[in-house]
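Student: Below are the sequence and a predicted model for it; my questions follow.
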Amino acid sequence: MKQVYRRWMEDWEERLALRSTDRVVRPFEWGMDWTRQWPCAQRHPLNGHRPERYLRVLNQAVMQSSAEFFAYRTPRDFRLDGNLLRFTSPVETPYPENNLVHGQWFPARKSSRQAVVVLPHFNARAEQHAGLCRGLSLLGVSALRISLPYHDYRMPAELHRADYAVSANIARTIDATRQAVIDSRAVLDWLESEGYDRLGIVGTSLGSCYAFLVSAHDERLKVNVFNHCSSYFGDVVWTGLSTRHIRQGLEGHIDLDQLREAWMAISPVNYLEQYRAKPKKSLFIYTTFDTTFLPQFSRDIVSRIQQAGIDNRVVVLPCGHYTMGETPFKFIDGYHICSFLKKWL
């Protein structure tokens, strides 16, 4: 019976993954131009280094001074128009659309000081995760759904998918992660200015990685939910069903060990000490049949979290990455997320 269920679930996962027919295999690039505005690049100029070697140096520099890498100036142009918050990202990119951050605001009906930042999954459409946000607002927790870099409202005109957020361009992927973390921290400034001081974050898939990096660098986040989780950024991209097209662009230029090294600065496992130093409640959710965040990666980060003595709760759902968004699993997932936030915020 277990094998029958596994085959059924894996077939369902594959069908859902293959619904998208617009994936593009983009060429491999080290993306050195994207490093120019990183603080560590000012102290470590290229000086003729080969790109792989140079990125290894920058990754080490980031991890040694990550507070500087994810530092920012609070935007001065926050504006709420109806339920849409907009402001200029503290991180400038060559794409005007991407430089304007969009947040969909779901205020609780009754006045409260509880608010949650919601970071969606890779390639999420603008309307996705709105149901979770509405549910939280009905429970008395205001929610702000952020459009990730290069997603929905922020997508450059030449794209059909959020290809510039995670791609075979190594440094641009790091830069997009830095921007997502900084934008999320800027949102916390806005929430505080509106009187919210009991703050949490929910990240799903790619948004989960971003959320962990945000929380590791911002003590204001007291309650955290990581919906899918993994130790290393590179492992997920290399092995995941949903990122096969990215791997195709990488292969022949870089192997998994090199990719893991190249993306060390954006891998949650390297920020456990920073995370542990800021007391908070944490919920880690993963699935038994995940085809994108393979279960062994989720078990690894959970094991490391527990070994580090970080307060945590773990939920394992009997579905996969894509099927988590389908009935009945999306409701079970939503229940765990909402009840955890409501209890601890």
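Tutor: Looks like it came in fine.
Student: For the rest of this, base every contact and every neighbour count on C-alpha atoms.
Tutor: Noted.
Student: residue closest to the middle of the chain?
Tutor: Geometric centre of the chain, nearest residue: G207, 2.4 Å, by C-alpha atoms, centre = their mean.
Student: Is it correct that that residue is in contact with N123?
Tutor: No - G207 is beyond contact range of N123, at 10.4 Å (criterion: C-alpha atoms under 8 Å).
Student: circling back: residues contacting the residue nearest to the centre of the chain?
Tutor: Contact analysis of G207 by C-alpha atoms under 8 Å, 6 or more residues apart in numbering lists 119-122, 148.
Student: a markdown table please, covering those and showing secondary structure, distance to N47 and neighbour count.
Tutor: Below are these laid out as a markdown table (DSSP: H, G, I helix; E, B strand; the rest coil; distance: C-alpha to C-alpha, whole Å; neighbours: other C-alpha atoms under 10 Å):
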| residue | secondary structure | distance to N47 | neighbour count |
| --- | --- | --- | --- |
| L119 | strand | 37 | 27 |
| P120 | coil | 38 | 27 |
| H121 | coil | 37 | 21 |
| F122 | coil | 35 | 22 |
| L148 | coil | 33 | 33 |
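Student: which stretches of the stretch 201-345 of the chain form helices?
Tutor: Under the criterion DSSP state H, counting those that start in this stretch, helices of the stretch 201-345 of the chain are mapped to 206-216, 233-239, 244-250, 256-262, 272-276, 295-307, 329-344.
Student: what pLDDT, on average, does the shortest one get?
Tutor: It refers to helix 272-276. The average pLDDT within helix 272-276 is 96.
Student: max-length helix in this structure?
Tutor: In the chain, taking DSSP state H as the definition, the longest helix is helix 170-193.
Student: quick one, that one and helix 206-216 angle?
Tutor: Angle of helix 170-193 versus helix 206-216, following axes from the mean of the first three to the mean of the last three C-alpha atoms, to 10 degrees, is 60 degrees.
Student: Helix 170-193 packs against which elements?
Tutor: Using 3 or more C-alpha pairs under 8 Å, 6 or more residues apart in numbering; DSSP states H and E as the contact test, the elements touching helix 170-193 are strand 114-119, helix 206-216.
Student: Please point out which parts of the following helix or strand past the shortest one sit buried.
Tutor: This points to strand 114-119. Using DSSP states H and E, the helix or strand that follows strand 114-119 towards the C-terminus is helix 130-138. For helix 130-138, burial by neighbour count (16 or more other C-alpha atoms under 10 Å) applies to 130, 132-137.
Student: Stretch 44-62 now?
Tutor: Result for stretch 44-62 [16+ other C-alpha under 10 Å]: buried residues 46, 52, 54-62.
Student: average model confidence for it?
Tutor: Here stretch 44-62 scores 88 as its mean pLDDT.
Student: for stretch 323-331, same thing?
Tutor: 97.
Student: can you pull the buried residues of that stretch?
Tutor: Judged by neighbour count using 16+ other C-alpha under 10 Å, the buried positions of stretch 323-331 are 323-324, 329.
Student: can you give me the end-to-end distance of it?
Tutor: One end of stretch 323-331 to the other measures 11 Å (C-alpha to C-alpha, to the nearest Å).
Student: quick one on the thing from earlier: which of the contacts of G207 lies closest to A168?
Tutor: Closest approach to A168 among those (C-alpha to C-alpha): F122, at 14.9 Å.
Student: Let me see the contact set for the nearest residue in space to that closest one that is not next to it in sequence.
Tutor: For F122, ignoring the flanking residues on the chain, the nearest one in space by C-alpha to C-alpha, 6 or more residues apart in numbering is L206 at 5.4 Å. By C-alpha under 8 Å, 6+ apart, L206 lies in contact with 120-122.
Student: Give me the pLDDT for the nearest residue to V315 once chain neighbours are set aside.
Tutor: Distances taken as C-alpha to C-alpha, 6+ apart put I285 closest to V315, at 4.8 Å, once the chain neighbours are dropped. Looking at I285, its pLDDT reads 98.
Student: okay, the buried residues of helix 130-138 in TSV with distance to R161 and pLDDT next?
Tutor: As requested, these are arranged in TSV below (distance: C-alpha to C-alpha, whole Å; pLDDT from 0 to 100):
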residue	distance to R161	pLDDT
A130	19	96
L132	23	97
C133	23	98
R134	26	97
G135	27	96
L136	28	97
S137	29	97
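Student: want to throw those into a markdown table with distance to A71?
Tutor: As requested, these are exported to a markdown table (distance: C-alpha to C-alpha, whole Å):
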| residue | distance to A71 |
| --- | --- |
| A130 | 29 |
| L132 | 29 |
| C133 | 27 |
| R134 | 31 |
| G135 | 32 |
| L136 | 29 |
| S137 | 30 |
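Student: Tell me which helix or strand in this structure has the weakest average pLDDT.
Tutor: helix 39-43 (a mean of 86; mean pLDDT, DSSP states H and E).
Student: Counting by contacts, list what that helix packs against.
Tutor: Helix 39-43 makes packing contacts with helix 51-64, helix 66-69 when contacts are defined by 3+ C-alpha pairs under 8 Å, 6+ apart.
Student: of all the ones you listed, which lies closest to G252?
Tutor: Nearest to G252, of the helices and strands packed on helix 39-43 and by C-alpha to C-alpha, is helix 51-64 at 14.2 Å.
Student: ok, and what's touching the closest one?
Tutor: Contacts for helix 51-64 (C-alpha under 8 Å, 6+ apart): 30, 32, 40-41, 44, 46, 68-69, 171, 261-265, 270-271.
Student: Great, nothing more from me.
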